[in-house]
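**Q** need a structure here:
(one chain, ligands or ions: 3)
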Amino acid sequence: MDTRAALAVAAGKPLEVTTVQLEGPRAGEVMVEIKATGICHTDEFTLSGADPEGLFPAILGHEGAGVVVEVGAGVSSVKKGDHVIPLYTPECRQCPSCLSRKTNLCTAIRATQGQGVMPDGSSRFSIGGKKLHHYMGCSTFANFTVLPEIAVAKIREDAPFDKVCYVGCGVTTGIGAVINTAKVEPGAKAVVFGLGGIGLNVIQGLRLAGADMIIGVDLNNDKKPWGERFGMTHFVNAKDTGADLVAHLVNMTKTPADQIGGADYTFDCTGNVTVMRQALECSHRGWGVSVIIGVAGAGQEIATRPFQLVTGRVWKGTAFGGARGRTDVPKIVDWYMDGKIQIDPMITHTMPLSDINKGFELMHQGKSIRSVVVF
Ligand code: NAD
Ligand code: AHE
Ligand code: ZN
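**A** Ligands and ions are numbered 1, 2, ... in the order given. Reported below is the predicted structural model:
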């Protein structure tokens, strides 16, 4: 069948909105009509050419929501008409990683996903007979897409697609980083670097967890009211402190009883390796935990003096907020529907697929929190 899609033809080039061909689902696969998709910084990261796994031509997008329109042979967990969120981190519940209960990083289909193909090694997308790559196993920048059954989470039918698509990445990543990865406790002090679509969700996760002090760091003063809206208690513009940023943050967390200072938890939501180091080093001597969420380009490496770790700081990373998608995503949608978490104000822009490049421009200009394409 034909479907409209935004095609990433080459690194650094704007997406081309066009008609592509999509084959139906094979065994174990489902076809989903995507109703809405967010634009995440990771889409921009791959489109820019910085992603070592980036493949072109491809249909990007990994933050969608839609309806199952067809199922392949043997599919049993979802049926036609079900509302679903595609999962770039699937949950097969059978691989060693799923069975370990120690990670959400299901390994059942990760190898083929990274090669831009379905688990059987072939692509369902093409244009004029030429193969197109899938992206992160999702390709939500297409009106219709095909996914493995294990890579969709069934959600309630009254949840609005144009809001809960954000649960497909940003919301779950930010809140999950706090709850699943850092396991923040009430009363904690935290620093969040980068107050964008992920960082603001870290902030609302910290508020949910009962953190007392939530310091937000950004280069853009416009992000201050945004952070405050979701629970940030203090704002620092890193341009104002320059090289003294770490000392400044440590000082902010000192109390008469604790003259060492440092945050209990810090989060990098920028993808900048210098920021990752600052985040580690402003965490508390002896117990500070620093969580890397941002993704950095090919060739980028993190560094610190080993002394920082010897003295008890812990460097961690998280993908999809440590969430097990088929299990956790429906619950997060419930939290939103029950008013426990906010999504609507973070979706600052919606647009038709034909304007998708405007969504990327708004991100570059720091003018959006999340742009959502509505089909
Ligand atoms: P975004 O563009 O919406 O926000 C980034 C924010 O960081 C902006 O507010 C920007 O002003 C700020 N910033 C940039 N450089 C900074 C610096 N040096 N110091 C302080 N602030 C700085 O991006 P996003 O969608 O929130 O994504 C953030 C990062 O998280 C990206 O690297 C993205 O690829 C990554 N990500 C990771 C996961 C995961 O599972 N690990 C999931 C989603 C996104
Ligand atoms: N392809 C990149 C890695 C990108 C990356 O780390 N992606 C995160 C999700 S970002 C969502 O916005 C992730 O899930 N990582 C775990 C995984 O298995 O990819 C690179 O650097 O090669
Ligand atoms: Zn994402």
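
**Q** Report whether the expected contact of Val117 with Leu132 is present.
**A** No - counting by CB atoms under 8 Å, Val117 sits too far from Leu132 to count as a contact (10.3 Å). (Each C-beta comes from the backbone N, C-alpha and C, glycine too.)

**Q** For these two, indicate the residue with more neighbours.
**A** Higher neighbour count among Val117 and Leu132: Leu132, with 25 against 20, using other CB atoms under 10 Å.

**Q** Report whether the helix or strand where Leu208 lies contacts ligand 2.
**A** Taking DSSP states H and E as the criterion, Leu208 maps to helix 199-209. No - for a cut-off given as CB under 6 Å from any ligand atom, helix 199-209 has no contacts with ligand 2; the smallest distance is 11.9 Å.

**Q** is ligand 1 contacted by the very next helix or strand once past that helix?
**A** Going down the chain from helix 199-209, the next helix or strand is strand 213-218, by DSSP H and E. Yes - on the criterion CB under 6 Å from any ligand atom, strand 213-218 is in touch with ligand 1 at 217-218.

**Q** Sheet partners, orientation included, of strand 213-218?
**A** strand 189-193 (parallel), strand 234-237 (parallel) (DSSP bridges).

**Q** deepest of those strands, which one?
**A** Compared across the strands paired with strand 213-218, strand 189-193 shows the largest average neighbour count, a mean of 30 (mean count of other CB atoms under 10 Å).

**Q** so how far is that one off the chain centroid?
**A** Centroid separation for strand 189-193 versus its chain: 18 Å, with CA atoms, centre = their mean, to the nearest Å.

**Q** Mind exporting the C-alpha coordinates of it to PDB?
**A** What follows is strand 189-193, C-alpha atoms only, in PDB (Å, rounded to 0.1, in the frame of the first residue of the first chain):
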ATOM      1  CA  LYS A 189      18.500  17.300  46.300                       C
ATOM      2  CA  ALA A 190      18.800  17.100  42.500                       C
ATOM      3  CA  VAL A 191      20.300  19.000  39.500                       C
ATOM      4  CA  VAL A 192      18.900  18.600  36.000                       C
ATOM      5  CA  PHE A 193      21.000  19.800  33.100                       C
END
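
**Q** Contacts for that strand, please.
**A** Outside strand 189-193, the residues within contact range by CB atoms under 8 Å, 6 or more residues apart in numbering are 184, 199, 202-203, 206, 211-218, 227, 232, 238, 249, 253, 263-270, 275, 278-279, 282-283.

**Q** Intersect those residues with the contacts of ligand 3.
**A** Of the residues in the contacts of strand 189-193, proximity to ligand 3 by CB under 5 Å from the ion holds for none.

**Q** Narrow those to those that are buried.
**A** Neighbour counting over the contacts of strand 189-193 (16 or more other CB atoms under 10 Å) leaves 184, 199, 202-203, 206, 211, 213-218, 227, 232, 238, 249, 253, 263-270, 275, 278-279, 282-283 as the buried ones.
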